[in-house]
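> Sharing a sequence plus its predicted fold:
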Amino acid sequence: MTRTVYKFTFDDSVAMDDVERILALSTIPVESIHGESAMLVDGRFAVNKRRRTCLIDADSQLGKDLARVFTGFLNVNSSGCFRVDFAESGERLGDMLDLYGAFV
């Protein structure tokens, strides 16, 4: 099964601890809209500090909304210091997140 993800890549000027904090903050409004159960079921994302990347599952509306909120917060705090790519993978998302070291 092909999975689609948003892959965020960060410049060296961005502190990856801040990326984790911004991602955690981004879950609050998304959970408010979709509900706690939906966040637990569909909220799949991971940060890899070593690779300076973040993955967000784009196969659900919740994931798409999380990517939008996360991007909005990043634009305020780190505009021009990150890139977002839309990627498809034949790997299972769980395997991809295991490779990245899941944030949640």
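Now that the structure is in, tell me what you want to look at. Residues are numbered from 1 along each chain as shown.
> Strands of the protein, residue ranges please.
With DSSP state E, the ranges of strands along the chain come out as 3-10, 45-48, 53-57, 82-89.
> Run the angle between the third one and strand 3-10 for me.
Per axes from the mean of the first three to the mean of the last three Cα atoms, to 10 degrees, the angle that strand 53-57 makes with strand 3-10 is 150 degrees.
> helices and strands around strand 53-57, which ones?
When contacts are defined as 3 or more Cβ pairs under 8 Å, 6 or more residues apart in numbering; DSSP states H and E, strand 53-57 packs onto strand 3-10, strand 45-48, helix 61-78, helix 93-100. In short, each C-beta sits where N, CA and C put it, glycine included.
> Can you tell me which of these is packed in deepest?
Sort the helices and strands packed on strand 53-57 by mean neighbour count, taking mean count of other Cβ atoms under 10 Å, and strand 45-48 sits at the top with a mean of 22.
> Check the offset of that one from the chain's centre.
6 Å (Cα atoms, centre = their mean, to the nearest Å).
> That strand packs against which elements?
If you count contacts as 3+ Cβ pairs under 8 Å, 6+ apart, strand 45-48 packs onto helix 16-34, strand 53-57, helix 93-100.
> Among these, show me which one is buried the most.
With a mean of 24, the top stretch among those by mean neighbour count (mean count of other Cβ under 10 Å) is strand 53-57.
> Pairing partners for it, with directions?
Take DSSP bridges as the rule and strand 53-57 pairs in its sheet with strand 3-10 (antiparallel), strand 45-48 (antiparallel).
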